[in-house]
Every structure is written in structure tokens, then in C-alpha cells.
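In: have a look; sequence and predicted model below, questions after that.
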There are 2 protein chains.
Amino acid sequence: MSQKYQQLECIIKKDFAYNVALSMLNWDNSTLAPPRSMELTADAIGLLSMESYHLTVNPQVEQLLEDLQQPEEYNSLMPHQKNIVKKMYKSFRDMKKIPADEIQQYSQLCAIAGGIWENAKINNDYASYKDTLSQIIEYQKRFATYSKAESQSIYDYILDMNEEGFTCEILDAFFDKLRKGIVPLIKKINENGQQIDDSFLKVPFDLEKQKQFCRLLAKHIGFDFDRGVMAESAHPFTMSFHNRDVRITNHYYEEDPTSSFFSAIHEGGHALYEFDIDDCYNGTAASSPSMGAHESQSRLYENNLGRSKAFWEPLYETLVSYFPAQLKDVSLDTFHRAINKSQPSLIRTQADELTYSLHVMIRYEIEREIFQGTVSVDELPALWNQKYEEYLGICPKNDSEGILQDSHWSFGGFGYFPSYAIGSAIAAQLMHTMKKEMDIDRLLQTGNLEPIHQFLQEHIHQYGGTKTVNEFLLDTTGEGFEPNYYIEYLTQKYSCLYNI
Amino acid sequence: MSQKYQQLECIIKKDFAYNVALSMLNWDNSTLAPPRSMELTADAIGLLSMESYHLTVNPQVEQLLEDLQQPEEYNSLMPHQKNIVKKMYKSFRDMKKIPADEIQQYSQLCAIAGGIWENAKINNDYASYKDTLSQIIEYQKRFATYSKAESQSIYDYILDMNEEGFTCEILDAFFDKLRKGIVPLIKKINENGQQIDDSFLKVPFDLEKQKQFCRLLAKHIGFDFDRGVMAESAHPFTMSFHNRDVRITNHYYEEDPTSSFFSAIHEGGHALYEFDIDDCYNGTAASSPSMGAHESQSRLYENNLGRSKAFWEPLYETLVSYFPAQLKDVSLDTFHRAINKSQPSLIRTQADELTYSLHVMIRYEIEREIFQGTVSVDELPALWNQKYEEYLGICPKNDSEGILQDSHWSFGGFGYFPSYAIGSAIAAQLMHTMKKEMDIDRLLQTGNLEPIHQFLQEHIHQYGGTKTVNEFLLDTTGEGFEPNYYIEYLTQKYSCLYNI
């Protein structure tokens, strides 16, 4: 092996150790840690982040990465090593401009912010959170300013960090298309007058049984409990330490069981991606795909597969046996229609597949304003409410179900929300291709999801973060990002469901 | 502040971060991690251990510690800084002789060993574990050989690491005294013919309610859930990250509820110690008291307080309300006698207070032989069974309830077991002193455990690891380690219970 690559590998391995430790501390903080632990654990997180930073962002690493990209070195590398060098160099360039002490302060801030956000949400107390949010935004702005191209806007830089190649220009066009395609559809449904009845899903469902059924759902789609864990947190998420330890969380609502069911499938979809990443990328800068790539898989499982009738055919009898009192008189058809009911609502994670993209669009527009500097943190709750009124015709009754509903901003997850919509569009594009190669409905009806999983593993998952969305779409579907499939899919599905 | 001490403090803070991370990875591995995670997480643990080692064991630190002990520097230090320097120097001397790569390999081995032990115990398969155990023993022997005084035996060195000042000579005498005092008592009880009936505790008790009641018990003794967590693991344990995050685990048996009740009180006793350690020792070499010191607190709460009738007076009605079907016809007197029933049994953690020390003595004798080299790992199961036959008159029916029952050796916890007996003796000695200062029974009867907690905090807990057992005993009780109180306590308690 190249001597220089061996040197790089030592650094990668050490950084892997820091990242495992930091991920574990963050995981624990989101799931189990006692309220006051961060008073001191935040110091440890800050210090370890700084160690990781100093290890990977220094002139020696820069020299190594540059040397390894010289033809004589580069050509001697194995393909995965080439990918790792390229990815490391990209993230190195982004990181090297940020001063180490700011990284440390920012890590410490984010370590505390999650708890502050959670308390604010519980107590419907935006005031107790807004200064923290403001600080996180300031750090994001400053970090972007250090690294972005001069002509690039701050938010374009943030978007590109989340989803290489995507800009406000592309997203404005994408959301415009979506608005034009979907808003009339939503209008038709609401004018139709014949709303789907899902009241049988809004009664108490035992929480313990919900948990058991979510385990079963995760297993059904291929979640490997020998390499994975399911836990609870305020907001469902997936965290991967490496491909032998991938964790998903869920949140259970007594009178809304399908919230946890579809979160289990959604997070399970993320987890499959992480399980499948090739061993050679474990713990490297190349192990982590973009947010949009990730969301394409979670949403493909949650919506394109998970909300189809075929998906539930082999499962429905079992579901009824878990909840006979609630479901024994409900047919699969009725259940299938209920889990696809479309109605404007306030909470993104509980939104139906059709209106979901409007929730995302609202966040996208707010983030764009935040980074353009045209809105202050004080004005955010009102702006949020105003946009819900405008696009969805409903208004949050308090900040807990308004500006405070998502955890993302509390860990600096700006630029993430558009990826949900990008992911949905990619999922539709991938489904279009897969349907040419296999009888998806037949596979779902027989409960055999393995060929679908294999297709995704082979074409997408195994590569980890070494292909961009546009690259793997081109390789898999023969064309770049193309949102028309998504709009066609939604139009066809909801026209059929609502007979319009 | 001394400039040299400031330098040392930077190192202490960084090492604190490593230790928090390592503790967290170990905690997670014992409570939640998926079965295959250690295939890769063990690498991270090994690397972080090595980073911590290199940070604290190097000539610069040695020089700093030596300089700080020179009068002109030392006299300028604050009292807690003096304690920290002394403790760091002691652990430095022990560590510096062990080569770094062996530390790393050993950490990785221990990270895997827990899972191997757990599987072996579940599958009653000692053969699958014995090579791992053998490797851990070899490391322990080698590490001791690097550091021990020439005239010191390996096991004496290991004992001293666990409990400063204790040797085989002292422990042989202690266990001899115990054997002479307790074995006749046990014999009398068994010949007496009038065994206590505890059959009402050997029926199914709902696991969820057990968990709730254990939470209540922990709170009752002062466990602070704002700074602590209760979780589940194969074997109950306590782990402290710092005094804002102290965690205890429990294991629940459907037909043996008092096992979890007394584990909650026991681990809760450990936790109080860790909560109470002065802020100035957080994350330093001086934060961690000896095992015997720790066990004195857990056993004081579990046995001396927790198994007294007065302790249950304010709690018993609540307990009955949790389990009316099982306990509504059982009086507090009957319950109190049942939780103190003494009968030779096979499982240490479920043993009664009286026979418990014989379980400890067996492990002590086996460890002594292991490190004298007079027994091989292949012979351990038979030796274990033979000693149970000899001292307790009963024989394990398989290795799961024999040689595989304890987790300790799987994480290298040799020399720990004697501390359980030492701790019991210290607890009795402390109780003797406390009873002169306050009416313990009255406090327990009114459910006011705070004055007891305060006494222990003031005289023992706050000092963390800066006082040895003999030092704090002398300061608190006016004499050094004196096991006679323990024998008197047991004799009086069991003579009374069994009317002998």
C-alpha cells in the first residue's frame, strides 16, 4: 500500500474513534442522559470535537491529501481509497477555514441546545430558546462566510453542504413546479367534500403494543437487530456509528399509532442505507451520503412502499391481532385509505404524503430569509404562523406546534429540510426505474422485500457518500434529478384515492 | 494559580473528555449496544484508551507531577489540588511501567469480553469464554509484574490497587475471623429446623411494577434523577461519568422481586457516593474512591438500612398497593423476616446478608489460586463447584450458575470481590458510630433518610478518592478497619431473627 496512504489511514482510524465517541455522547444525550448531565459532559464533547478537528485539519494532512492526488500516487490507489481521498479533501477544504476554537464553542453550544429546545417545546416557551437559536444561526453564518465562494450566497453554500449541486435557483424552480402541480390537487380534494374517515385511528392504541409492532415493521423491511437498536426520543431520528451499529428512535403517541408505524419504516429506510455501506468506507469521510440521498431511501420505504396497499397485505392480519378492539371491523381497504388521508395539518412529521412538501417549502422559505437576514429570531414565530395560514389555511395555536416543532435547528441542521422534498422526488424517480425491473406490488404482497433492498444496496447504498445524488441517479435511472416523476406519482395516487 | 498546576489542569481536562467517552461506550455496551457493534466499536475504544494513556503517561507529566511536589510549588497549592497531585502521581507510577500497546490490546479485549461472557452465561458454555478469561488473567499478571514491588505477590499488588493497604495476610485473617464467627451461626440456623417462610415472594410480580417500585426506592434513599439514570443490564452496576451524571442498572426477575428491590438500594448507595463527591474532584484521578469504600456505602444502604424493619415502615403500605394480590395478607413483620431469610444458595447477588460473605470468600480463595498459578482456567469450574459444596453444602447444576455467574472477571475486575466483604465490615463500623449520633430507627420510620445521607456525605463522600478506607475510618469512627463490629452485628441480628 502507498506509504502516504498508510499515514492517512492512521489519521482516519483515530478520527473514527473520536467520531464514534462523539456520536455516542450525542446519541445518549438525545435518548437517556439525565437533565443536568450536560453541565459537564458538554465540556467533554467540546474537547473531543477539538481533538478531532486538530487531527484532521492541519498542514500535514493537507500536504498528504494533496500528495495523494498527484498522478503517481493517485494511480496506485485502490478505487475506494481514491474515493476516500477525494471526499476527505473536499471536507478538509470546508473545515480548514473555520478556527478551531469556534468549532469547539459551537459543539458545546449544540450539545446544550437540544435540551434547551426540548424544554422550550414542552413548556411552549420560545423565549427560553430563541437566544440559543440565534447563536446557532450566527455560527452557521460565520462558518459559511469563512468557506463559501465570494459570489455564493450563504444559504446556497449551506444547501450545497447538504446536497452537492443544489442551489436556491434549482430549489426555487423545484418548489415552484411542486406548488403548481400539488396545490390544485389539494384544492380539488378539499373541495370534493368526500373526506376519508380515519377516526378509527384516533383512539387509544396501547403504547407497549405499538412498540412491539414497530419492531416487527422494522424487521419486515430488513432492519438487522444484530447490528441495530431501536430506542425512544422526543423526535425520531437515525444515527449510525458504523455499519455494525445503526440506531433508530421513535416517539409513540397513544391516539396516533400510525405516526410511530411510519416513523419506524422511515427511520428503518435510513438505517438500511447505513447497514449497506461497504466495509471499506466505515468511519471515513466517504461513509456518509447526502441528506437528500438519505431521505430518498427513508421516504421510498415510508411512502412509496409503506403507504401502498400491497405493503400491508401480508401485515394487516397481524396488525389487527395486535389491536383487535380498534381494528377488527376495519377492512384493509379502509385502513389503506385512512393511512393516505390528505388534509392540511400543523405538524410536519404527522403530515400526509401530499401536503408534506408544503411543510418543507415553508421551512425552506424561512431558512432562506434567515440567511438573507430579512427576518430576526424574534419574528420567526409570527412568520411561521403566517406561512401556515397562507399555504395550508391553518394556524398553529401555540409555538410548540409552530416554530418549536422540529429539533433540526437546535443541532444546526439548516439546509436539511429541502432534502426531504428532494428525497421524495428521488424516491419517485427510483421507483419508476425499479418498476421496469421487477413486480414491486407482487413482492410487497408476498412480504418479500429483499429484491427491492438488494436493488437499492447494489445501485446506491454500498457506495456510501462517494456518489452525489445526480451521479447515482444517472447511473441507476439513466437521467439526472428529474422531479416530474414525483408530481406524476402524487397526482396519479391521490386522483385515484379521492376519485377526482 | 501555579503555572505548573495550570499545565496539569489542561491535561486533566482532556483526560476527563477521554474518560467520559470511554465510560459512555462501556455503559452503552453493557446496556443497549447491538450484539455485533463491538466488531468495530472495540477499535474506537482501544484507540481512545491509548490516547488517554499517551496523554497522562509521559515524561512531561512525570516532570510536572514531581515539580508540583517540591515544597515551593506544593505549598502554594490549594488543598484539593494537593490531593489531586498526590493521587495522580500514585496512578502515574502504576501506569508508566505498562507498555502503551498492551494497554490498547487489553482495552479492546475487555470491550469484547463482556459480550462473550454474556453469551457464555446465556448458553451455559464456559468453553466459549475460557480463552478470553485466560487472556484477561495473563494481562493482569503481566501488568502486576511490571508494577509490583519485587517482594510483593501478584495478588497482593492487585488487592492493593483495589483497596490500598489490604493484603492477603490481612484478608486471610479477616476471612478467618468471619468464618469462625459466621459458620457456627449458619449451622445453628440450619439445625434449628424453623426456617423462615418467604414463599410469598417467589410468585410472579409484574416486571413493569417492579421497575416503578425500584425507582421509588432509589428516590427514597436520595437518588437524584436530575443527575442520574436507571437502566437495565444483565448484572446490576453503577457507573459515574461525573457528579452530574451517575447511572445505575438493575436486572428484574419475575419471581424474585426483592432481588431488584435490593439491587436498586445497593446501586443507589453507590450512586449517592458519586453524586456527593466535591465538584473540585470531577474528572480527576482523585474522584474515585476505592472499591471497599464504595461497597461500604452500597451495603450500608442495602443491608444495614434496607433490610431493617424500620426502613420498610413508611414504604410497606405503598409496596402492598403495588402488589396487592401477592402481599395484601402479608404483614410487615412477615415481610421483614422474609427479606432476611438466611439459607445457603448458589447465586451471590441473590444471597442473604449472612451467607453472602461465604460467596465472597470463595471468589477470594479462587482468585488467590489463579494468581499463585495453582489452578488453570480449565480447572476453574470444578474448583468453583467444589468450594460451594465445601462451604455452603450445595453444588451448581451448571456453569451458568457456577463459574459464569459474575461479570467481574470479564472486565478484569480481579481483587474486587474481597471489597464486598470489606465494605460490609466498614458499613457495620460506620453504623456503630452513627447510632451514637442519631436515632437511626426513628429516622427510617419517618422516611427521613437525609440526616444519614448528610453524615456520610460530610464524613466520607465529599472527599472522593482522596482518603483511604483506613483514613476515613479513623477520622469518622476514631479507629482503623475493625471487622469485629460486623461479626457482632450479624450475630445479634440473626440470633434475634431466628430466636437462637
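Out: That came through fine. Numbering: from 1, shown residues only, chains lettered A, B, ... in the order given.
In: pretty sure residue A:92 sits in a helix.
Out: Yes - checked against DSSP: H, G, I helix; E, B strand; the rest coil, residue A:92 lies within a helix.
In: pretty sure it sits against residue A:65.
Out: Yes - under the criterion of C-beta atoms under 8 Å, residue A:92 makes contact with residue A:65 at 6.0 Å. Glycine gets a C-beta too; all of them are placed from N, C-alpha and C.
In: what segments of chain A are strands?
Out: A:228-232, A:238-242, A:245-250 (DSSP state E).
In: for the first one, packing partners?
Out: Yep, that's strand A:228-232 we're talking about. Judged by 3 or more C-beta pairs under 8 Å, 6 or more residues apart in numbering or on different chains; DSSP states H and E, the packing partners of strand A:228-232 are helix A:207-221, strand A:245-250, helix A:257-276.
In: tell me which of these lies nearest to chain B.
Out: Comparing the helices and strands packed on strand A:228-232 against chain B with C-beta to the nearest C-beta, the closest turns out to be strand A:245-250 (3.6 Å).
In: so that closest one versus strand A:228-232, what angle?
Out: Here strand A:245-250 runs at 30 degrees with respect to strand A:228-232, directions being taken by axes from the mean of the first three to the mean of the last three C-alpha atoms, to 10 degrees.
In: tabulate the CA atom coordinates of strand A:245-250 in CSV.
Out: Taking C-alpha atoms only, strand A:245-250 is exported to CSV below (Å, rounded to 0.1, in the frame of the first residue of the first chain):
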residue,chain,number,x,y,z
ASP,A,245,-24.2,-0.3,14.8
VAL,A,246,-27.0,1.7,13.4
ARG,A,247,-29.7,3.1,15.6
ILE,A,248,-33.2,4.4,15.1
THR,A,249,-35.5,6.1,17.6
ASN,A,250,-39.2,6.6,17.6
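In: ok, back up a step: tell me which of the strands of chain A sits nearest to residue B:256.
Out: Within the strands of chain A, the stretch nearest residue B:256 is strand A:228-232; the backing value is 27.3 Å (C-beta to C-beta).
In: okay, now the sheet partners of the closest one, with direction.
Out: According to DSSP bridges, strand A:228-232 has the following sheet partners: strand A:245-250 (parallel).
In: give me the neighbour count for residue A:193.
Out: A count of nearby residues for residue A:193, using other C-beta atoms under 10 Å in any protein chain shown, gives 6.
In: phi, psi of residue A:255?
Out: For residue A:255, the backbone dihedrals are phi -100, psi 20 (criterion: degrees, to the nearest 10).
In: my read: it touches residue A:205, true?
Out: Yes - contact between residue A:255 and residue A:205 holds when scored by C-beta under 8 Å: they sit 7.3 Å apart.
In: out of these two, which sits in the busier spot?
Out: When neighbours are counted by other C-beta under 10 Å, residue A:255 and residue A:205 differ, and residue A:205 comes out ahead with 23 against 10.
In: contact partners of stretch A:291-299?
Out: A:162-163, A:166, A:238, A:266-270, A:272-273, A:415-416, A:418-420, A:422-424, A:426-427, A:430, A:456, A:460-461, A:468-469, A:472 (C-beta atoms under 8 Å, 6 or more residues apart in numbering or on different chains).
In: what does stretch A:100-110 give?
Out: Residues from elsewhere that reach stretch A:100-110, judged by C-beta under 8 Å, 6+ apart: A:22, A:42-43, A:45-47, A:49-50, A:53-54, A:57, A:95, A:132, A:135-136, A:139, A:142-143, A:410-412.
In: all set now, cheers.
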